[in-house]
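Asks: Sequence first, then the predicted structure:
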Amino acid sequence: MDGMTALINGIIVFMGWIAGVVMLALLVMFVQDIFQKEHAVRRNFPVIGRLRYFLEKQGEYFRQYFFAHDREELPFNRATRAWVYRTAKNLGGMVGFGSTNDLRQPGTLIFVNAPYPTLEDDRTPAPPLLIGAACTRPFEARSIVNISAMSFGALSAPAIRALSRGAARAGVWLNTGEGGMAPHHTEGGCDLIFQIGTAKYGVRDEAGALSDARLRELAQHVKAFEIKLSQGAKPGRGGVLPAAKVTEAVARVRGIAPFKGSYSPNRHPEIDSDDDLLDMIERVRAVSGLPVGIKFVMGDDSGIRALCESILRRGAQCAPDFITLDGGDGGTGAAPQILADHVGLPLSESLPMLVNVLLESGLRERIRVVASGKLVTSVDVAWALCVGADFTATARGFMFSLGCIQSLQCHLDTCPTGITTHNPRLQKGLVVESKAERVANYAKWMNVEVDRLAHACGLRNAREFTRHHVRVVQSAGHSLQLDQLYPYPSVARR
């Protein structure tokens, strides 16, 4: 009995100490709040006012689970993310009872089903397409859906390794992003497109200029080069990698100092005109023997019209072998909000512009078109093919396949799924072999379901899509065929 009494007394004393520490902490916070001059809420409501900042921060993460409806959240709603998660787990895209997609909402896509859809026995696989047919080493691209540019540094080593392995299994290409080519990119043996950013990471000499020697060396490992002019989430701004994410390994691949912020120029210093751009394209192609493309975001159609005029003046042989068009609503690990919110056309408007200008100039057959920017479902991909794209590429779709939960922490090095962090503890959650399988599953299902839409429209495969095959809702009960919204050019150069 005495022992029990002693235990109870000990607990009481311990709880008293805890209460004393808590009261002391609250007193310290009270004094800090009433004397600080930066936050009015904390000054007027000491201690309690601090809850406002905590709840505001937590709300950012939990709204998607408790308050937002399945199809209203941005940048990607819960229904879209759930579809990607299911396909990545090889569970397919089946639903029961009925769709939650509101067909009355403006912008909704409705595909024109045929009275007599294509039989299973009559379907044909979507054929591969050559990129850079006139090059010494053209690139035969097998998949409509591919992995868009994501740099090592923005993404973790395990994430890149899983993407490389998964891409190889699915037969899709992987774009290195502007951060250079790490050993993790080549691990799986997939097709690689090397992106040349404005800072020339991974392909520059000691002075920071484009290196022919590095081009030749890289050409042994990649299928094509892509000169990045601008990116959807930050047009007019170069790459941004916070210092916390510039590890020694990242710095070694990029050729920069570790633990310092990595900021690319907002454009290539040596490219100040269309002729400068075409000169660089021809240089990289001549040195490497590989197809060379460009990536940009459109603000209007004046820039691409001027570029096409320059190409026609110099000769079609100087044209880029492909154009990757990013939408103004594209993603990134870090970007100024003012640019992400208000600069650059969304792909829904810019892709028809680009394709029409290429048709008018007679360069459409010469230049392959890769559409990129929030194309994370098969419906998005099919729409891009209807408009006139040859291929699509997505980054965030494949991030979801890796397990991304849209926690919006890409720039903080605190990603809870290990995808965009270099914290070894957090990276442990990303099991490379398991995630590689999910990457491959997602790519497979994307291609399968794009063809499934094509068969419903009476086509043999997805490469037969045209603007006649999809309608876009304008208002409740009223939709227009895509070729009425964006008519094909009446006169095209031959």
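Replies: Sure thing, it's come through.
Asks: So what's the gap between stretch 131-150 and the chain middle?
Replies: Mean-position distance between stretch 131-150 and its chain equals 18 Å (Cα atoms, centre = their mean, to the nearest Å).
Asks: Flag every buried residue along that stretch.
Replies: By 16 or more other Cβ atoms under 10 Å, the buried positions in stretch 131-150 come out as 131-132, 135, 138-139, 141-150. Where you see a C-beta, it was placed from the backbone N, CA and C, and this is true even at glycine.
Asks: Out of those, which is nearest to Gln105?
Replies: The closest of the buried residues of stretch 131-150 to Gln105 turns out to be Val145 (Cβ to Cβ; 25.0 Å).
Asks: The nearest residue to that closest one once chain neighbours are set aside sits in which helix or strand?
Replies: Excluding the flanking residues, the one nearest Val145 by Cβ to Cβ, 6 or more residues apart in numbering is Met446, at 4.3 Å. Of the helices and strands defined by DSSP states H and E, Met446 is found in helix 432-456.
Asks: correct me, but the residue nearest to Val145 touches Val381?
Replies: Yes - counting by Cβ atoms under 8 Å, Met446 does reach Val381; the two are 6.3 Å apart.
Asks: okay, and the common contacts of the two?
Replies: Ile144, Val145 (Cβ atoms under 8 Å, 6 or more residues apart in numbering).
Asks: pLDDT score for Gly180?
Replies: Listed pLDDT for Gly180 reads 89.
Asks: now swap in Leu74 and tell me
Replies: We have a pLDDT of 59 for Leu74.
Asks: can you check Lys89 too?
Replies: On the pLDDT scale, Lys89 is placed at 86.
Asks: Pretty sure it sits against Val439.
Replies: No - using Cβ under 8 Å, Lys89 is not in contact with Val439; the gap is 11.6 Å.
Asks: more crowded one of these two?
Replies: Ranked by neighbour count (other Cβ atoms under 10 Å), Lys89 and Val439 place Val439 first, with 28 against 14.
Asks: Quick check: the nearest residue to that one once chain neighbours are set aside vs Leu130, distance?
Replies: Distances taken as Cβ to Cβ, 6+ apart place Gly166 nearest to Val439, at 2.6 Å, with adjacent residues excluded. Separation of Gly166 from Leu130 (Cβ to Cβ, to the nearest Å): 24 Å.
Asks: Give me the more crowded residue out of those two.
Replies: Gly166 (30 against 14).
Asks: quick one: that one is in a helix?
Replies: Yes - membership of Gly166 in a helix is supported by DSSP: H, G, I helix; E, B strand; the rest coil.
Asks: how far away is it from Met446?
Replies: According to Cβ to Cβ, Gly166 stands 12 Å off from Met446.
Asks: ok, now Pro352?
Replies: Relative to Met446, and taking Cβ to Cβ, Pro352 is found at 22 Å.
Asks: before we move on, what about Thr136?
Replies: Counting by Cβ to Cβ, the gap from Thr136 to Met446 is 31 Å.
Asks: same deal with Ile193?
Replies: Distance, Ile193 to Met446, using Cβ to Cβ: 18 Å.
Asks: Helix or strand: which one has Leu27?
Replies: Using DSSP H and E, Leu27 sits in helix 2-35.
Asks: Tell me the buried residues in that helix?
Replies: Burial within helix 2-35, assessed by neighbour count using 16+ other Cβ under 10 Å, is assigned to Asp33.
Asks: Let me see the domain layout of this protein.
Replies: Taking automatic domain parsing as the reference, the chain has its domains at 2-63, 120-485.
Asks: Contacts for stretch 240-260 next, please.
Replies: Counting contacts by Cβ under 8 Å, 6+ apart, the residues outside stretch 240-260 that touch it are 151-154, 157, 179-182, 199, 201-202, 204, 234, 261-264, 332-335, 411-413, 421-422.
Asks: now the end-to-end length of stretch 469-481.
Replies: 8 Å (Cα to Cα, to the nearest Å).
Asks: Number the residues from 25 up from this point.
Replies: With the count now opening at 25, the last piece we talked about shows up as stretch 493-505.
Asks: Let me see the residues that make contact with that stretch.
Replies: Defining contact as Cβ under 8 Å, 6+ apart, one finds that stretch 493-505 is touched by 127-136, 406-407, 410, 481, 483, 491-492, 506, 509.
Asks: Emit the ChimeraX select command for whichever of those are buried.
Replies: Filtering these down to the buried ones (16+ other Cβ under 10 Å) takes a single ChimeraX command:
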select :133,135,406,407,410,481,483,491,506
